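Visitor: Provided below for reference: sequence and predicted model.
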Amino acid sequence: MNWTQEVEKRKDDLLKDLQNFLQIKSVLDEENATDDAPLGKGVKEALDYLLMLGEKDGFTPKNVGNLAGHLEFGGGDELLGILCHVDVVPEGDGWSVDPFGGEIKDGKIYARGAIDDKGPTMAAYYAMKIVKELKPDFNKRIRMIIGTDEESDWRCVDHYFKNEEMPSMGFAPDADFPIIYAEKGIADYDLVQRTGREGNGSRNQVISFESGRRYNMVPDFAKAVVHLEEDHTKWVQQFEIFTKNEGVKGRYYIENGEVIFEVEGVSAHGMEPDNGKNAGLYLAAFLTELPLDAQAENFFAFTKETFFKESRGVKLGVSHRDEITGDLTINVGKLRYFHEEGGRLGLNMRYGVDYEMEKAKETLQSIESFTVENFTDSKPHHVSSDDELVQTLQKVYEEQTGERGELITIGGGTYARSLEAGVAFGPLFPGREDIAHQKDEYMYIEDLLKATAIYAQAIYELACKS
């Protein structure tokens, strides 16, 4: 079977349907939610568009509580799932084209959602359509599961799998080629300082200290308001020396008799904190050089000693490494300290597939002067490299591209972890720039067609009798 030829026959229809799909502004809008459209009118319109398109083309559609849906065909006891989503992030500013126009130029199709995830969704849809129209003998049912809240809280898949069948295997065309087969576990929690430490005679106080808003991002800005009883000249000079030596930007000024220290770092995704410069940790490290009251001294000394330039959990006593996913990482995404309340650190910990989380929690709960609060945990996701799903997708990718189907492990989480036995499979090809969530988002038409052919062969080989 020449899958590329089959895609070329349907190229014009594929692009037309994708343009119509991209022209729907399916951004989360809870302020104007209704029972019929719990995530907003645009999101519901996109869900309805795909369900109605599928019904027209002979698939069996189902709306699942207006939060998700599916399109099904084939036959058999087992179910192959293809997990996609129709919601997109807000368009933002600075576009050179209409962000919801679906304009085609220079071999690319431009729109919010072109690469994440409407383009790949339409590629998978046409792959299903091609296989369906070939009328093969099936050994599985094939179901496109349509999510509507991937960019926010995943309420769509939570609701869907409470009410519908879990596929026996599946893939999500919402990440990178070749195959992401292992994803680290992701735990978020706060270390909260126990207050009430005895004084040490110092009357210098950190009135407030704040940095970062999200567990999974390296903070790029930090600010501390400090009351100094002694002459502040020495300490602002020390601050200038510190920031220069550390290679970060610093600023200080006096306001209402207090000294304000600010640090500008470099933001990065929390899955690899070493790719950024954590402004909060740099400022905390500097504050340990000041003579402070006992409570502040305890908080900033712990923060510096445990996390400054140390992202692998060694000083915290929770480090780990495995052969599949590599090092455990810890990102200090939120840092807060107030003189009246004490301090807290918001941590994002990404850990391997064989990590013993319960032992780690015991270690965390034994930390002197701190308690653990707001603990959430998304378990690691891993499909064996020997699994039929992985082996088949590798074979298909290599046959379609002529390139090695390498298995990828990541510290981030993809939509595939919603499936019990699922992997992320495209659509971004190696070497292509990842412009998801950016202005002028696009997908190469060439890549769109190539992905469609890959998905068609994958569906055929996974769900049809040889």
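Guide: Now that the structure is in, tell me what you want to look at.
Visitor: Going by C-alpha atoms from here, please, whenever you check contacts or count neighbours.
Guide: Fine.
Visitor: separation between Glu297 and Asp174?
Guide: Distance, Glu297 to Asp174, using C-alpha to C-alpha, to the nearest Å: 46 Å.
Visitor: the more surrounded of these two?
Guide: Asp174 (25 against 21; other C-alpha atoms under 10 Å).
Visitor: Local confidence estimate at that one?
Guide: Looking at Asp174, its pLDDT is 90.
Visitor: and what of Ser466?
Guide: 69.
Visitor: cool, Arg432 as well?
Guide: 95.
Visitor: Which of the three states applies to it?
Guide: coil (DSSP: H, G, I helix; E, B strand; the rest coil).
Visitor: Phi and psi next, for it.
Guide: phi -80, psi 140 (degrees, to the nearest 10).
Visitor: And for Pro173?
Guide: phi -80, psi 70.
Visitor: OK, contacts around it?
Guide: Pro173 makes contacts with 82-84, 117, 120-121, 124, 424-427, as judged by C-alpha atoms under 8 Å, 6 or more residues apart in numbering.
Visitor: does Asp447 count as helix, strand or coil?
Guide: Quick answer, by three-state DSSP: Asp447 is helix.
Visitor: so how many other residues sit close to it?
Guide: 19.
Visitor: out of the contacts of Pro173, which one sits closest to Ser267?
Guide: Asp117 (24.8 Å; C-alpha to C-alpha).
Visitor: Could you pull out the helices in the stretch 201-350 of the chain for me?
Guide: 233-246, 279-287, 294-307 (DSSP state H, counting those that start in this stretch).
Visitor: from those helices, which stretch is densest packed?
Guide: Mean neighbour count (mean count of other C-alpha atoms under 10 Å) peaks for helix 279-287 among those, with a mean of 25.
Visitor: Tell me the spacing between Pro61 and Glu164.
Guide: Distance from Pro61 to Glu164, by C-alpha to C-alpha: 13 Å.
Visitor: okay, those two: which has more neighbours?
Guide: Per other C-alpha under 10 Å, whichever of Pro61 and Glu164 has more neighbours is Pro61, with 21 against 12.
Visitor: which residues pair with the more buried one across the strands?
Guide: Leu71 (DSSP bridges).
Visitor: related to what we said a few turns ago, would you turn the contacts of Pro173 into JSON lines with secondary structure and neighbour count?
Guide: Converted to JSON lines, those look like this (DSSP: H, G, I helix; E, B strand; the rest coil; neighbours: other C-alpha atoms under 10 Å):
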{"residue": "Ile82", "secondary structure": "strand", "neighbour count": "30"}
{"residue": "Leu83", "secondary structure": "strand", "neighbour count": "26"}
{"residue": "Cys84", "secondary structure": "strand", "neighbour count": "27"}
{"residue": "Asp117", "secondary structure": "coil", "neighbour count": "25"}
{"residue": "Pro120", "secondary structure": "helix", "neighbour count": "30"}
{"residue": "Thr121", "secondary structure": "helix", "neighbour count": "29"}
{"residue": "Ala124", "secondary structure": "helix", "neighbour count": "27"}
{"residue": "Ala424", "secondary structure": "strand", "neighbour count": "27"}
{"residue": "Phe425", "secondary structure": "coil", "neighbour count": "28"}
{"residue": "Gly426", "secondary structure": "coil", "neighbour count": "22"}
{"residue": "Pro427", "secondary structure": "strand", "neighbour count": "30"}
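Visitor: got the contact list for Asn66?
Guide: 36-38, 44.
Visitor: Where does Thr195 sit: helix, strand or coil?
Guide: Criterion first, three-state DSSP; result for Thr195: coil.
Visitor: Tell me how many other residues surround it.
Guide: 17.
Visitor: Just grab the bridge partners of the residue lying closest to it once chain neighbours are set aside for me.
Guide: In this structure, Thr195 finds its nearest non-sequential neighbour in Gly342, 5.8 Å apart by C-alpha to C-alpha, 6 or more residues apart in numbering. Following DSSP bridges, Gly342 is listed with bridge partners Phe338.
Visitor: Tell me, what's the model's pLDDT at the residue nearest to Glu150 when sequence neighbours are not counted?
Guide: Closest residue to Glu150 apart from its sequence neighbours, by C-alpha to C-alpha, 6+ apart: His85 at 6.4 Å. Each residue has a pLDDT score; the one for His85 is 95.
Visitor: shift numbering so it begins at 19
Guide: Sure, I'll start counting at 19 from here, so that last one is His103.
Visitor: So what pairs up with His103 in the strands?
Guide: Gly165.
Visitor: Just confirm it contacts Ser170, I think it does.
Guide: No - at 11.4 Å, His103 and Ser170 do not qualify as touching, with contact defined as C-alpha atoms under 8 Å.
Visitor: When those two are compared, which one has more neighbours?
Guide: More crowded of His103 and Ser170, by other C-alpha under 10 Å: His103, with 30 against 12.
Visitor: Lys468 versus the more buried one, what's the distance?
Guide: Taken as C-alpha to C-alpha, the span from His103 to Lys468 is 20 Å.
Visitor: now Cys174
Guide: Counting by C-alpha to C-alpha, the gap from Cys174 to Lys468 is 29 Å.
Visitor: Tabulate the CA atom coordinates of stretch 23-30 in CSV.
Guide: Provided in CSV are the C-alpha atoms of stretch 23-30 (Å, rounded to 0.1, in the frame of the first residue of the first chain):
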residue,chain,number,x,y,z
GLN,A,23,-0.4,8.4,-2.6
GLU,A,24,-3.6,7.8,-0.7
VAL,A,25,-2.9,11.0,1.3
GLU,A,26,-2.2,13.0,-1.9
LYS,A,27,-5.5,12.0,-3.4
ARG,A,28,-7.2,13.7,-0.4
LYS,A,29,-4.9,16.6,0.0
ASP,A,30,-7.3,19.3,-1.1
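Visitor: Please compute how far it lies from its chain's middle.
Guide: 33 Å (C-alpha atoms, centre = their mean, to the nearest Å).
Visitor: Check Glu290 and give its pLDDT.
Guide: 91.
Visitor: Next one: it from Arg368, what distance?
Guide: 9 Å.
Visitor: burial of Asp75, as a residue count?
Guide: 12.
Visitor: which residues touch it?
Guide: Asp75 sits in contact with Lys147, where contact means C-alpha under 8 Å, 6+ apart.
Visitor: could you redo the last one with a cut-off of 10 Å?
Guide: 69, 147, 150-151 (C-alpha atoms under 10 Å, 6 or more residues apart in numbering).
Visitor: again, but for Lys457
Guide: 109-115, 117, 128-130.
Visitor: Rebuild the residues you listed as a markdown table, extending it with pLDDT and neighbour count.
Guide: Output for the contacts of Lys457, formatted as a markdown table (pLDDT from 0 to 100; neighbours: other C-alpha atoms under 10 Å):
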| residue | pLDDT | neighbour count |
| --- | --- | --- |
| Glu109 | 89 | 20 |
| Gly110 | 86 | 12 |
| Asp111 | 88 | 10 |
| Gly112 | 90 | 10 |
| Trp113 | 95 | 15 |
| Ser114 | 96 | 9 |
| Val115 | 96 | 14 |
| Pro117 | 95 | 25 |
| Tyr128 | 98 | 28 |
| Ala129 | 97 | 29 |
| Arg130 | 95 | 34 |
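Visitor: Right, I'll call it a day here.
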